[in-house]
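Trainee: Okay, predicted coordinates and the sequence, questions at the end:
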Amino acid sequence: MALKNSIGRTLHRLQHDAYDPALRTHKLSGKLAAYLACSCGYDCRIVFTIEKDLTDPNAENVVLLDIGTHDDVY
């Protein structure tokens, strides 16, 4: 239940500011170089990308690609 709550809080922060310092958002490298990741707990990561909204040129969408442990997502 604690992990579920942590993921929920992280997704809420991502929605409002993907670069919130508490998220520790960072660019990935290698085969995942096109993506970003953030922390949602001690050993939980969210891999995502930020894309322009096709219907609103002033908006962006956070697209979630993977959620899991550090070893699972990388």
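Mentor: Cool, got the structure.
Trainee: Where do the helices of this protein begin and end?
Mentor: Assigned by DSSP state H, the helices in the chain fall at 2-16, 70-73.
Trainee: beta partners for C38?
Mentor: Beta bridges link C38 to I46 when assigned by DSSP bridges.
Trainee: Double-check it against P21; I have them as touching.
Mentor: No. C38 is beyond contact range of P21, at 10.5 Å (criterion: CB atoms under 8 Å). C-beta here means a position set from N, CA and C on the backbone, and glycine is covered the same way.
Trainee: quick one on the thing from earlier: tabulate the helices of the chain (TSV), appending distance to C44.
Mentor: Listed next are those as TSV, based on distance: least, CB to CB, whole Å:
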stretch	distance to C44
helix 2-16	6
helix 70-73	8
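Trainee: Tell me which of the ones you listed lies nearest to A59.
Mentor: Nearest to A59, of all those, is helix 2-16, at 12.0 Å by CB to CB.
Trainee: which residues are in contact with the closest one?
Mentor: Residues from elsewhere that reach helix 2-16 (CB atoms under 8 Å, 6 or more residues apart in numbering): 20, 22-23, 38-41, 44, 46, 48, 62, 64, 67.
Trainee: Output it in PDB with nothing but the alpha carbons.
Mentor: C-alpha atoms of helix 2-16 as PDB (Å, rounded to 0.1, in the frame of the first residue of the first chain):
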ATOM      1  CA  ALA A   2       2.900   2.400   0.800                       C
ATOM      2  CA  LEU A   3       4.300   1.900  -2.700                       C
ATOM      3  CA  LYS A   4       1.000   2.500  -4.300                       C
ATOM      4  CA  ASN A   5       0.700   5.800  -2.400                       C
ATOM      5  CA  SER A   6       4.200   6.800  -3.300                       C
ATOM      6  CA  ILE A   7       3.500   6.200  -7.000                       C
ATOM      7  CA  GLY A   8       0.300   8.200  -6.700                       C
ATOM      8  CA  ARG A   9       2.100  11.200  -5.200                       C
ATOM      9  CA  THR A  10       4.900  10.900  -7.800                       C
ATOM     10  CA  LEU A  11       2.400  10.900 -10.700                       C
ATOM     11  CA  HIS A  12       0.600  13.900  -9.200                       C
ATOM     12  CA  ARG A  13       4.000  15.800  -9.100                       C
ATOM     13  CA  LEU A  14       4.800  14.700 -12.600                       C
ATOM     14  CA  GLN A  15       1.500  16.100 -13.800                       C
ATOM     15  CA  HIS A  16       2.200  19.500 -12.300                       C
END
